[in-house]
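Q: Coordinates only, no sequence provided:
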């Protein structure tokens, strides 16, 4: 039996990150700056590349 795992990573832009922090109920769980968030998000994606297929459907990069 094979187990599939799907990992979703929301992708924000530098332009909208401050607004995301203003409206998210759990914003206290997110990094305080876009650059810190970007670094953490890229680490998650990189760590997953060895075990899963990563598809990037973002509208563009930071």
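A: Done, it's in. Quick caveat, the model's predicted, so the values are computed rather than measured.

Q: what's residue 27 in contact with, if anything?
A: Applying CB atoms under 8 Å, 6 or more residues apart in numbering to residue 27 gives the contacts 20, 21. For every residue, glycine as well, the C-beta is placed using N, CA and C.

Q: Check which residues of the lengthiest helix in the chain are buried.
A: Ranked by residue count and defined by DSSP state H, the top helix of the chain is helix 34-48. Neighbour-count burial for helix 34-48, counted by 16 or more other CB atoms under 10 Å, picks out 34, 37, 38, 41.

Q: Out of these, flag the one nearest to residue 17.
A: Proximity of the buried residues of helix 34-48 to residue 17 (CB to CB) peaks at residue 34, which lies at 4.0 Å.

Q: give me every residue that touches the closest one.
A: 12, 14, 17, 18, 62.

Q: which of those residues has the most neighbours?
A: Neighbour counts for the contacts of residue 34 (other CB atoms under 10 Å) peak at residue 17, which has 20 neighbours.

Q: Distance of the nearest residue to it once chain neighbours are set aside relative to residue 25?
A: Distance criterion CB to CB, 6 or more residues apart in numbering; nearest residue to residue 17, sequence neighbours excluded, is residue 34 at 4.0 Å. Per CB to CB, to the nearest Å, residue 34 is found 19 Å from residue 25.

Q: which stretches of the protein form helices?
A: 14-23, 34-48.

Q: quick one, which of these is nearest to residue 8?
A: Evaluated over the helices of the chain, closeness to residue 8 peaks at helix 34-48, with 10.4 Å, by CB to CB.

Q: angle of the closest one against helix 14-23?
A: For helix 34-48 against helix 14-23, the angle by axes from the mean of the first three to the mean of the last three CA atoms, to 10 degrees is 100 degrees.

Q: quick check, nearest of the contacts of residue 34 to residue 48?
A: Closest approach to residue 48 among these (CB to CB): residue 12, at 18.0 Å.

Q: check contacts around the closest one.
A: So residue 12 contacts 20, 34, 37 (CB under 8 Å, 6+ apart).

Q: Could you report the pLDDT at residue 12?
A: pLDDT for residue 12: 94.
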